[in-house]
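[1] Sequence first, then the predicted structure:
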Amino acid sequence: MKNNRFEGYEDDVRMLVQEYEQMQRNGGSHYYDVEELSIIIDYYLDTCERDNLEEAVRYAENLFPQEVEIRLRRAHVYCAEGRYEAALNILSELLQLEPDNTDVHYALGAVYSALDHPQKAIQHYQKAAID
């Protein structure tokens, strides 16, 4: 039987999130790679499960503190919380590391849009669209 909480999500996402939550409840440990943690974090971002989101991001940051994909998710969390300056700080650092990263440009477009800086938003959206 499929849990309504996961309606519209692939079974692999459901299984990954449920496995992660069980590990957290039981205080266990399990190795997750960056891609798996990104999927878990993205699920919580999509479903606005803030407590689980923060916990998953912290867990990922402890395992992979310098990983671009994890730092990008932290910027998304800050953006969702309305902490745009904190998001911009991370995204600016990531842009220095990976100037052609489409996801970073897209996130910068979203932040600048939220800050009502349409020219900067458009500039980053256009760079993202090139890819």
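    Thanks, I have it.
[2] Would you mark the buried spots in the lengthiest helix in the chain?
    Using DSSP state H, we find that the single longest helix of the chain is helix 11-26. Residues of helix 11-26 classed as buried: 13, 14, 16, 17, 20 (neighbour count, 16 or more other Cβ atoms under 10 Å). For every residue, glycine as well, the C-beta is placed using N, CA and C.
[3] Stretch 93-101 now?
    Applying 16+ other Cβ under 10 Å to stretch 93-101 flags 94, 95, 101 as buried.
[4] Now secondary structure, distance to residue 42 and pLDDT too, for those residues, in JSON lines please.
    Formatted as JSON lines, the buried residues of stretch 93-101 follow (DSSP: H, G, I helix; E, B strand; the rest coil; distance: Cβ to Cβ, whole Å; pLDDT from 0 to 100):
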{"residue": "94", "secondary structure": "helix", "distance to residue 42": "17", "pLDDT": "96"}
{"residue": "95", "secondary structure": "helix", "distance to residue 42": "21", "pLDDT": "94"}
{"residue": "101", "secondary structure": "coil", "distance to residue 42": "16", "pLDDT": "94"}
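[5] remind me which residues of this structure are low pLDDT?
    Applying pLDDT under 70 to the chain flags the ranges 1-3.
[6] Tell me the buried residues in the helix or strand containing residue 109?
    Per DSSP states H and E: residue 109 is located in helix 102-114. Across helix 102-114, burial judged by 16+ other Cβ under 10 Å covers 103, 104, 105, 106, 107, 108, 109, 110, 111, 112.
[7] What of stretch 109-129?
    Buried residues in stretch 109-129 (16+ other Cβ under 10 Å): 109, 110, 111, 112, 121, 124, 125, 127, 128.
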